[in-house]
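In: starting from these lines, generate the structure:
(chains A and B)
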Amino acid sequence: MSVLLPLYLAGLLGLALPWALHRFNNTNPEEKPFPTARFLEPAQPPVSRKHRLRYRTLFALRVLALTVLCLLFAEPVIERFLMTDRASVLQVIAVDRSLSMQAGDRWQKAKAAVRETIENRGEGDALQLLAFDSQLSLMSEVTQDAEIIRKAMAGLEPGQTHADYGVLMQRLDHLAAESDVPLSVTIISDAQRSSLPSRLNTMIATRLQSLSFIDTSSSTDINYSLAADVRTSDDVNAQISLVVASSQATRAKDNNNADTTAEPVRRTVVVSQGDKVITRETFDMVPGQRLTRVLDPIPLPINNTTLFEIAFAETDSLAGDNALTSNVRQSSPTLFAVGSLEGQVNENARVFVSTALEASGKVEVDDSGNAMDRLTSDIRHAVIFIPSVENYVLPPEIAKFLDAGGNVLLIVATGSSSDKNAKSEMTGLVDNAHPLALGDIDWAGTRFHGLSAMPLKDSDQLLVETSDHIPLLIERATPRGILLLLNDALDGERSNLPFQPAFVALMQNVLQYFNATNSIPQEAIAGDQVNLPANVQVLDPDGKPMFALADTGAARSLVFERPGLHTVVDSHGEQYLSVITDPRESDLSLLNIKEIKAWEQRDLSSAEPPLMADKEVEPSARSTSDRQQARSNASGMWRWLLPLLVLLMVCESLFANRRLMVKRDGA
Amino acid sequence: MTTNAASRLLKPEVLARLGTLELVARTVVDGVMTGLHRSPHFGFSQEFAEYRAYNEGDDLRFVDWNVYARTDRAYIKRFQGETNTAVMLLLDASASMNFGSPVSKFDQARFLVAAMAYLTRKQHDALGVAVFDSKVRDFHPTSARPDSLARTFSLLERCEAGEGTDITEALAGLRANLTRRGLVVLVSDLYAEPEALSAALQPLSHAGHELVVFHVLDKEEIEPELKRVSALRDLESGETVVVEPAFLRAGYRSKFNAHCDAVESLCTGLGADYVRLHTDEPLDTALQSYLRFRERRAR
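Out: Sure thing, here's the model as predicted:
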């Protein structure tokens, strides 16, 4: 056990007081009056007074209470020790392996820093190697064998993703909380400013015993990054938009402004397909500059190749963001099939639906008689008219379409009442929280009469109902795909919904909902997590599948760490997913020395300029960060000492009062 | 007044709360007399002794009306005890008397002396009082004057326990003033050698005085208790003796009891009446002893 504030132990000198009171208060025999001494005999032999403590129990209680009080203020702690290896400190080496560490000689510096840290560790200190980018990875177990650390470092290479200092510090803090020994951390990184988290208070890790930062950056590093977007609107020509940015490893607070005093450097962007160079574009750039340029339309090759390689002709400090492969994005409309599995669709209803869907110009509706035949091929979305939903059983064609990932809006024309004299009802309940954004639709003018009740399953989600509580629109849960049921024949007879602006808005929202829910993105950033629907396989840029066959049946998310063009294959075909490098890693601007020092001292407000105003620190983090370092890694005993002190004081008072009463009665 | 109430009123700590010694005396005597009158076992009697001529102011209750009817002359009956005995009360006011609880021996002695003074005057006896320690400090010769009681109370009120004890010297000084035979009542803690006591009391006995000795003691000096070695300081000499509790439990008690027995034996040998009075005991016992002595003397 040790104490954090040993000065308060000086209070133990106060123990001399109760000792003196109990020890010396009867140095001389108590003198009492007596009528006559004629019958008295002096004590024989002369009294060698035994000095002893009076009221020993009371004395013990008082001594204990004073001792506990002193310890309470001195804050004793029990330091936890490693059961294995008997290490006194765990030396954690956290190496930055983000994309920017590929620049210049940063990685070589990092390796050298690791070796030096190992050599300079304290006697008996344990070691552990961690690597961080957007996550923290354990590269070795806790060990006192330096060779293990060296081997782990030898097998480590910088990656393609972005570093997040906030995630790093939070994971280290958690690691320290679970460690049996104090954690001393050495961060080896290029001090990239873009690695600062959006919430700076996540960088406060109070449980670390110490933190040191080894900066591997070089001020001579200059980086040019490239981003491109290739689209076609007519499938004939491709429109390429380029964004070129330059960044220098400086410690200025704001490196966003271009250094107009520097000499511009010429950079050339080459657009090619395979071995054929399509075009070249030159840029004269100064550090900190960002240029956007739209190239002249490029005819698409006849061989239907839609991939373009776009890259810098020159090299720079960071090569990882100098090239990319971009797929031509088709501006093709969304296909909708509109039809019926039984009989003909009411003509009015068909027109109403098709018109509403095509209102945005992004939808192509196939409402021909063969539309339903296309459900299992290239159509993803469908509006299907059915007379009723009997016993909650979907027609097998629709179930099959849903299982394949299709989305269906079922128009359920239940009932047969077209009595226009029936009571007219308005819309009642509207689920505003649903992604269909139903609350944004103006339902004011809609009227319904003669709608029949539609039975609901327990898992059905009621989205819109009439004022007399007849379900109008529900979403029914399905394993795959989206199933919406609309309780209106849309023939203009049971309601005026098709004539209201609400209907077009409703159909457009349905379109967006269908597109957004299980669509596959066309672009992702390396290191980000992408949600993928079920029944898809992803091929990496080398064409290798990324999922095991057994894992393709369920929807899942995937972190794409490797930049490049990935292929997503599902039942509807293939589409490209372009994974690009994180643009934050392309910005080489650095933290200044004072910011780094403030970080090491765990006082972000002391940086110049302050990384974080004190008021921005969460109260819990502020109060914790004000504590001394050793305290954060130790188990405080005040929780036990304070109640013990209270108990001792109560016992002492009771005991002392009892003794006083006895003495009073005796006297 | 019931017997229980009388006993309660006669407790020393109760008497100590009364305002004056006169009130104390009245309380004690009246309480005792009331109890006596109701007790079937009391042997005090008032037997007719003689007649005397009626004087103006005598109590008409004692006029023998039969004699008046026959003789046309008023005569007062006089009973046994109404013989104008001279009662001299001797109060020890030495420092050793200033000890005890719930009241000190001195206070207990004063209450007793006050009660006996009141009783004496109630019985129309001559009353005298002397206060002494190492010598006689105050002395009122026996007198039947009406103010003798008031003067006695006044003396008792203002006297305090003083210095050392020398009964022999004190009583020797008194002997010359006790010209009239009577009753001598000594109230003291009798801290003197038995021989000295004998030398002090024997002349009085030989002079024809009737002696009553009240030996006033406190529980703490009879059976002292100490929890630890203590230094006991003699109230008269100031001498301090460090004693052990074990000695007080054994050696002291045997010595003390031997002294008390010696004193009692001495008094008995002189024909004096010896009564031990404890400070925590009601005064009725002591007073009854005194009254029984008066009764025996009257026979």
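
In: find the helix or strand that the residue in the stretch 301-450 of chain A positioned nearest to chain B is a member of.
Out: Here the stretch 301-450 of chain A gets closest to chain B at one residue, residue A:433, 84.3 Å apart by C-beta to the nearest C-beta. C-beta coordinates here come from the backbone N, C-alpha and C atoms, glycine included. Residue A:433 is part of no helix or strand, with elements assigned from DSSP states H and E.

In: got a list of what residue A:567 touches?
Out: Shown in contact with residue A:567 (C-beta atoms under 8 Å, 6 or more residues apart in numbering or on different chains): A:538, A:539, A:543, A:574, A:575, A:576, A:577.

In: save the residues you listed as CSV, and put in secondary structure too.
Out: Output for the contacts of residue A:567, formatted as CSV (DSSP: H, G, I helix; E, B strand; the rest coil):
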residue, secondary structure
A:538, strand
A:539, strand
A:543, coil
A:574, strand
A:575, strand
A:576, strand
A:577, strand
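
In: phi and psi next, for the residue of the stretch 301-450 of chain A closest to chain B.
Out: phi -90, psi -10 (degrees, to the nearest 10).

In: tell me where the chain has helices.
Out: Unless you meant another one, I'm taking chain A. Residue ranges of the helices in chain A, as given by DSSP state H, are A:16-24, A:56-74, A:106-119, A:146-154, A:165-178, A:347-357, A:396-403, A:501-517, A:583-586, A:593-600, A:619-625, A:629-632, A:638-666.

In: wait, chain B
Out: So, for chain B - with DSSP H - the helices run B:3-9, B:12-15, B:21-38, B:65-71, B:105-122, B:148-158, B:167-175, B:194-206, B:219-222, B:245-247, B:253-269, B:283-298.

In: now do the same for residue A:257: its pLDDT.
Out: According to the prediction, residue A:257 has pLDDT 65.

In: from the contacts of residue A:567, list the buried ones, please.
Out: By neighbour count, with 16 or more other C-beta atoms under 10 Å in any protein chain shown, those hold A:538, A:539, A:575, A:576, A:577 as buried.

In: got the contact list for the residue lying closest to residue A:578 once chain neighbours are set aside?
Out: Leaving aside its sequence neighbours, residue A:578 sits nearest to residue A:523 (C-beta to C-beta, 6 or more residues apart in numbering or on different chains; 4.8 Å). Each residue near residue A:523 by C-beta under 8 Å, 6+ apart is listed here: A:577, A:578, A:579, A:580.

In: in strands, which of these appear?
Out: A:577, A:578, A:579, A:580 (DSSP state E).

In: which of these lies closest to chain B?
Out: Using C-beta to the nearest C-beta, residue A:579 is the member of the ones in strands among the contacts of residue A:523 that lies nearest chain B, at 93.6 Å.

In: so what pLDDT did the closest one get?
Out: Per-residue pLDDT puts residue A:579 at 90.

In: looking at it, it is touching residue A:558, isn't it?
Out: No - in this structure, residue A:579 is not within contact of residue A:558 by C-beta atoms under 8 Å, at 10.3 Å.

In: okay, those two: which has more neighbours?
Out: residue A:579 (23 against 18; other C-beta atoms under 10 Å in any protein chain shown).

In: what sits against residue A:121?
Out: By C-beta under 8 Å, 6+ apart, residue A:121 lies in contact with A:91, A:127, A:146.

In: dump the residues you listed to CSV, plus neighbour count and distance to chain B.
Out: Shown next, in CSV, are these (neighbours: other C-beta atoms under 10 Å in any protein chain shown; distance: C-beta to the nearest C-beta, whole Å):
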residue, neighbour count, distance to chain B
A:91, 26, 65
A:127, 25, 68
A:146, 14, 71
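
In: residues of the stretch 1-150 of chain B that sit close to chain A?
Out: B:96, B:97, B:99, B:105 (C-beta under 8 Å from any C-beta of the partner chain).

In: and if we set it to 6 Å?
Out: For the stretch 1-150 of chain B, the residues in contact with chain A (C-beta under 6 Å from any C-beta of the partner chain) are B:96, B:99.

In: shaky segments in the stretch 1-150 of chain B?
Out: The model of the stretch 1-150 of chain B has pLDDT under 70 over residues B:1-10, B:14, B:17-19, B:30-52, B:77-84.

In: make it 50
Out: Scanning the stretch 1-150 of chain B for pLDDT under 50 picks out B:1-3, B:5-6, B:37-46, B:80-82.

In: lowest-confidence one in the buried ones among the contacts of residue A:567?
Out: residue A:575 (83).

In: OK, contacts around the residue nearest to that one when sequence neighbours are not counted?
Out: In this structure, residue A:575 finds its nearest non-sequential neighbour in residue A:568, 5.4 Å apart by C-beta to C-beta, 6+ apart. Listed by C-beta atoms under 6 Å, 6 or more residues apart in numbering or on different chains, the contact partners of residue A:568 are A:520, A:536, A:538, A:575, A:577.

In: one step back: of the ones in strands among the contacts of residue A:523, closest to residue A:276?
Out: Nearest to residue A:276 among these is residue A:578, at 20.2 Å by C-beta to C-beta.

In: how far away is residue B:121 from chain A?
Out: Here the criterion is C-beta to the nearest C-beta, to the nearest Å. By it, residue B:121 lies 32 Å from chain A.

In: residue B:139 versus that residue, what's the distance?
Out: Note on residue B:121: its distance to residue B:139, by C-beta to C-beta, to the nearest Å, is 18 Å.

In: do the same with residue B:246
Out: For residue B:246, the distance to residue B:139 equals 45 Å [C-beta to C-beta].

In: between the helices of chain B, which one is nearest to residue A:406?
Out: Smallest distance to residue A:406 across these (C-beta to C-beta): 107.3 Å, for helix B:245-247.

In: could I get the average pLDDT for the closest one?
Out: Mean per-residue pLDDT for helix B:245-247: 83.

In: got the contact list for residue B:183?
Out: Applying C-beta under 6 Å, 6+ apart to residue B:183 gives the contacts B:85, B:87, B:210.

In: need the residues you listed in CSV with neighbour count, can you?
Out: Shown next, in CSV, are these (neighbours: other C-beta atoms under 10 Å in any protein chain shown):
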residue, neighbour count
B:85, 21
B:87, 24
B:210, 20
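
In: among these, name the ones in strands.
Out: Going by DSSP E, the strands hold B:87, B:210 from these.

In: which one of the contacts of residue B:183 is nearest residue A:98?
Out: When the contacts of residue B:183 are compared for distance to residue A:98 (C-beta to C-beta), residue B:87 wins out at 123.1 Å.

In: just to revisit the earlier point, need the winner for burial among the helices of chain B.
Out: For these, average neighbour numbers computed from mean count of other C-beta atoms under 10 Å in any protein chain shown are highest in helix B:105-122, which has a mean of 25.

In: ok and that one relative to helix B:148-158, angle-wise?
Out: Orientation check (axes from the mean of the first three to the mean of the last three C-alpha atoms, to 10 degrees): helix B:105-122 against helix B:148-158 gives 170 degrees.

In: helix B:105-122: how far from the chain's middle?
Out: Mean-position distance between helix B:105-122 and its chain equals 6 Å (C-alpha atoms, centre = their mean, to the nearest Å).

In: one more: stretch B:174-184?
Out: Put simply, stretch B:174-184 sits 16 Å off its chain's centre (C-alpha atoms, centre = their mean).

In: what pLDDT, on average, does that stretch get?
Out: Averaging pLDDT along stretch B:174-184 gives 80.

In: end to end, how far does stretch A:443-452 reach?
Out: Counting by C-alpha to C-alpha, to the nearest Å, you get 20 Å between the two ends of stretch A:443-452.

In: buried residues, that stretch. List them.
Out: Under 16+ other C-beta under 10 Å, the buried positions of stretch A:443-452 are A:443, A:446, A:447, A:448, A:449, A:450, A:451.

In: for residue A:187, grab the count of nearby residues.
Out: Around residue A:187 there are 25 residues (other C-beta under 10 Å).

In: chain A contacts on the stretch 151-299 of chain B?
Out: When proximity is defined as C-beta under 6 Å from any C-beta, the stretch 151-299 of chain B approaches chain A at B:191, B:221, B:229-235, B:239, B:241-244, B:247, B:252, B:255-256.
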